[in-house]
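1. Show me the folded form of this:
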Amino acid sequence: MYRINDNYLKLPGSYLFSTIGKKVNAFIEANPDKKVIRLGIGDVTLPLAPAIITALHKAVDEMADAATFKGYAPDLGYEFLRSAIVKNDYAARGVDLAIDEVFISDGAKSDSGNIGDIFAKNNRIAVSDPVYPVYVDTNAMAGRTGEYQKEKERWSDVIYMPCTEENEFAPQIPSETPDMIYLCCPNNPTGTAMKKEQLQAWVDFALEKGAVIIYDAAYEAYISEEDVPHTIYECDGAKKCAIEMRSFSKNAGFTGTRLGFTVIPKELKCEGVSLNSLWARRHGTKFNGAPYIIQRAGEAVYSEEGKKQTKEQIAYYMNNAKLIREGLASAGYTVFGGVNAPYIWLKTPDGMTSWDFFDYLLENLNIVGTPGSGFGPSGEGYFRLTAFGSLENTKEAMERLKK
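-> Have a look, this model is predicted:
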């Protein structure tokens with residue numbers, strides 16, 4: 001008789017955003033006359049930039065001509081896109097990468113879940129708390145997290161690094177030694193970011209302990225402060241201990257078109273084995289490549305027009321973030337984030353749990369946010385709002401909150 005992967009049976013409930021979606025849909029069905037403002041899921045609302053649309057149309061036309069038609073993409077991704085990434089995201093910041101150290105994918109979410117394939121099952125992970133739930137959930141599916149302790153709302157074998165108001169929501173180096181360290185900077189959900197000195201300390205720790213850092217830089221385009229690094233490879237020695245993941249979803253609006261990439265330097269080795277070669281083997285075996293038309297759209301992000309237009313979109317969302325920060329503060333809330341990321345992290349009022357506050361906002365103000373507890377034990381008592389809504393809806397939501 002066949003067996004299932006019983007690690008899935010250990011997972012608590014459904015995926016956070018699936019639960020939110022079901023709650024919101026049920027409310028809308030019961031209250032069709034209510035205008036619900038969604039500031040919960042981090043999905044963009046602005047259309048793709050004109051330069052990207054032009055590139056998409058051109059690539060679609062190429063697919064209609066036998067002379068320019070494209071089938072399977074190269075394993076690592078098309079050279080035109082990888083070269084643009086190396087030049088604009090890394091060389092421009094003084095980081096030297098080869099194009100075969102860049103792997104094109106369909107997004108950072110997929111890569112952050114799949115990267116565990118090249119690591120042993122008995123590796124122990126460390127995660128910021130709170131943090132994007134995919135890191136923990138996918139390791140739980142692989143059997144790395146031990147048993148779920150419902151009373152503590154945590155996994156027995158995971159090293160949690162509490163990010164609290166007391167430590168300015170920056171993960172602190174743990175007393176225990178992890179094998180795999182997940183860092184998200186700027187952080188989702190708190191919207192806060194580590195300074196270069198803080199990130200360098202993590203690199204030094206990983207090098208000393210023989211650990212690998214899985215670094216999610218999906219929100220680097222939103223960084224506004226000078227002393228916050230845009231890539232972990234700005235830190236000395238990072239190429240020997242860090243894997244970096246990025247997405248086109250939030251910097252260029254590709255949530256519906258799906259594109260991302262992972263960087264694994266050739267210097268990163270475990271007992272003489274290159275992680276770059278392992279990921280290349282995994283990538284070629286399990287992934288057939290992002291579509292040609294989407295990779296051409298990604299290339300357009302790095303054109304002069306694309307840079308200008310996506311920068312304007314980022315400024316639009318960050319203006320929303322400012323409105324939310326200021327609106328919440330004026331309404332008496334304690335607020336964090338919204339400076340280097342499009343997320344605002346707030347304390348729930350009157351000692352409410354984060355799910356109670358979710359229900360209160362939905363039922364009384366018809367606003368959707370994300371309960372902090374869904375991101376980890378230290379997220380309880382906090383709540384996340386996103387700046388990815390329209391300007392009109394953002395303003396209206398703040399008016400509702402103020403009243």
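2. Tell me the spacing between residue 196 and residue 275.
-> Residue 196 sits 24 Å away from residue 275, going by C-beta to C-beta, to the nearest Å. C-beta here means a position set from N, CA and C on the backbone, and glycine is covered the same way.
3. of the two, who's got more company?
-> residue 275 (19 against 14; other C-beta atoms under 10 Å).
4. show me the contacts for the more buried one.
-> 118, 212, 243, 264, 268-269 (C-beta atoms under 8 Å, 6 or more residues apart in numbering).
5. Just send the residues you listed back as JSON lines, with distance to residue 315 and neighbour count too.
-> Formatted as JSON lines, these follow (distance: C-beta to C-beta, whole Å; neighbours: other C-beta atoms under 10 Å):
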{"residue": "118", "distance to residue 315": "38", "neighbour count": "19"}
{"residue": "212", "distance to residue 315": "35", "neighbour count": "23"}
{"residue": "243", "distance to residue 315": "30", "neighbour count": "25"}
{"residue": "264", "distance to residue 315": "32", "neighbour count": "26"}
{"residue": "268", "distance to residue 315": "35", "neighbour count": "22"}
{"residue": "269", "distance to residue 315": "41", "neighbour count": "13"}
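6. how many neighbours does residue 164 have?
-> Neighbour tally, residue 164, other C-beta under 10 Å: 15.
7. my guess is it meets residue 377, correct?
-> No - the criterion here is C-beta atoms under 8 Å, and residue 164 misses it with residue 377 at 10.8 Å.
8. Kindly export the strand or helix carrying residue 295 (C-alpha atoms) in PDB.
-> Applying DSSP states H and E as the criterion places residue 295 in helix 292-301. Provided in PDB are the C-alpha atoms of helix 292-301 (Å, rounded to 0.1, in the frame of the first residue of the first chain):
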ATOM      1  CA  TYR A 292      10.000  33.500 -23.100                       C
ATOM      2  CA  ILE A 293       7.500  36.300 -23.300                       C
ATOM      3  CA  ILE A 294       7.700  36.800 -19.500                       C
ATOM      4  CA  GLN A 295      11.500  36.900 -19.500                       C
ATOM      5  CA  ARG A 296      11.400  39.500 -22.300                       C
ATOM      6  CA  ALA A 297       9.000  41.500 -20.000                       C
ATOM      7  CA  GLY A 298      11.600  41.100 -17.200                       C
ATOM      8  CA  GLU A 299      14.300  42.400 -19.500                       C
ATOM      9  CA  ALA A 300      12.200  45.500 -20.100                       C
ATOM     10  CA  VAL A 301      12.200  46.300 -16.400                       C
END
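9. ranges for the helices of the stretch 1-150 of the chain?
-> Per DSSP state H, counting those that start in this stretch, the stretch 1-150 of the chain has helices spanning 16-30, 50-63, 79-85, 108-114, 134-142. These are given in chain order.
10. Done for today, thanks.
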